[in-house]
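**Q** Model the structure of this input:
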Amino acid sequence: MPVPGPLSGVMQLNYNEAMQSVFGAEYQDRRSPMDDEGPRTYVVIIAATNQRVVFFHSSGVLKKTYQQMEAIPLEQVSEVTINQGMMSRNFAINFVRNGLTNSLGLSNPFQVDQNNLKNSGSLELGTVKSTLDALIAARKKEVGAPATAPAPAPAPVPAPVPSAPAPAPVQATPAPVPVPVPVPVPAAPAPQFVPPAPGTYAELKYKLNMAGFDVKTIRCGRCGSLIFLPDQGTSIQCATCQNVITAQEIMDRAREALR
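**A** Numbering: from 1, shown residues only. This is a model prediction of the structure:
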């Protein structure tokens with residue numbers, strides 16, 4: 001698949017990079033100045049290659065121009081999640097950058113005409129997820145595959161050396177064979193539970209699960225964006241406003257809300 005014409009001037013492919021899919025979605029930018037209706041919503045074009053996912057937003061009315069707003073290497077993507085409720089068609093691309101987990105939330109995906117990138121029909125969330133999941137798995141396999149080592153050369157076979165005739169065997173009385181005495185094997189100790197380290201997201205999820213709660217997402221305290229909770233680590237960064245949220249901060253917020 002070639003780079004769509006409207007993006008040919010702003011998207012340069014890397015070595016061995018090839019276009020795989022192009023579609024559109026809505027992105028709510030909470031970092032931009034808000035008006036009376038709340039955060040501004042952009043229509044973005046998403047170009048997925050065999051190496052990365054690149055996001056573009058357009059400007060202009062009669063003649064649109066495109067600018068790159070984000071590029072995520074596929075090997076940094078941890079998962080693609082969807083939230084398809086009765087009135088919701090949201091999905092998120094979760095990725096790790098500089099040791100911090102980020103989440104880029106999008107909604108209402110749609111197909112585009114390759115010639116002018118115009119909306120040509122709604123796109124199912126399941127199709128978006130399966131397409132990106134396949135590209136992510138292939139890229140991680142490609143990056144993580146070990147190099148093939150050359151086969152070792154065969155060892156030289158030594159020439160046979162004639163041996164002296166063996167002496168006649170001497171008959172001897174066989175020694176008694178000792179009977180082995182079974183030694184009891186001690187039972188392996190039962191595995192001991194190791195509690196998660198304090199102040200981590202593992203501890204937060206453990207305590208919530210022990211209380212009967214299955215919490216997977218939170219809202220950013222600064223901009224209100226939806227953030228998916230990681231299973232490990234002590235902090236997570238909001239992809240929308242770059243706010244860093246620690247596991248301890250969430251515990252304190254929950255404790256304060258239940259007072």
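
**Q** what residue lies at the spatial centre of this structure?
**A** S78 (1.1 Å; Cα atoms, centre = their mean).

**Q** give the contact list for that one.
**A** 94-96, 101 (Cβ atoms under 8 Å, 6 or more residues apart in numbering). Where C-beta positions appear, they are placed from N, C-alpha and C, glycine not excepted.

**Q** Surely G105 touches G224?
**A** No: counting by Cβ atoms under 8 Å, G105 does not reach G224; the two are 10.9 Å apart.

**Q** Which one's more surrounded, the two?
**A** G105 (22 against 15; other Cβ atoms under 10 Å).

**Q** tell me the secondary structure for that one?
**A** Of the three states, G105 takes strand under DSSP: H, G, I helix; E, B strand; the rest coil.

**Q** ok, now which ones touch it?
**A** 27-28, 90-92, 225-226, 239-240.

**Q** Specify which member of those is nearest to I218.
**A** Of all the contacts of G105, L226 has the smallest distance to I218: 7.9 Å, by Cβ to Cβ.

**Q** where does the closest residue to A197 other than its chain neighbours fall, phi/psi-wise?
**A** Distances taken as Cβ to Cβ, 6 or more residues apart in numbering put E203 closest to A197, at 6.5 Å, once the chain neighbours are dropped. Main-chain dihedrals, E203, degrees, to the nearest 10: phi -70, psi -40.

**Q** swap in A134?
**A** The phi/psi pair for A134 (degrees, to the nearest 10) is phi -70, psi -40.

**Q** For burial, what's the neighbour tally of it?
**A** Around A134 there are 13 residues (other Cβ under 10 Å).

**Q** for the residue nearest to I245 when sequence neighbours are not counted, what are its contacts?
**A** What sits nearest to I245 in space, not counting adjacent residues and going by Cβ to Cβ, 6+ apart, is I236, at 5.5 Å. Contact partners of I236, counting by Cβ under 8 Å, 6+ apart, are 100-102, 201, 227, 229-230, 244-245.

**Q** What ranges in the protein fall below the confidence cut-off?
**A** The model of the chain has pLDDT under 70 over residues 30-39, 61, 84-87, 145-175, 188, 190-193.
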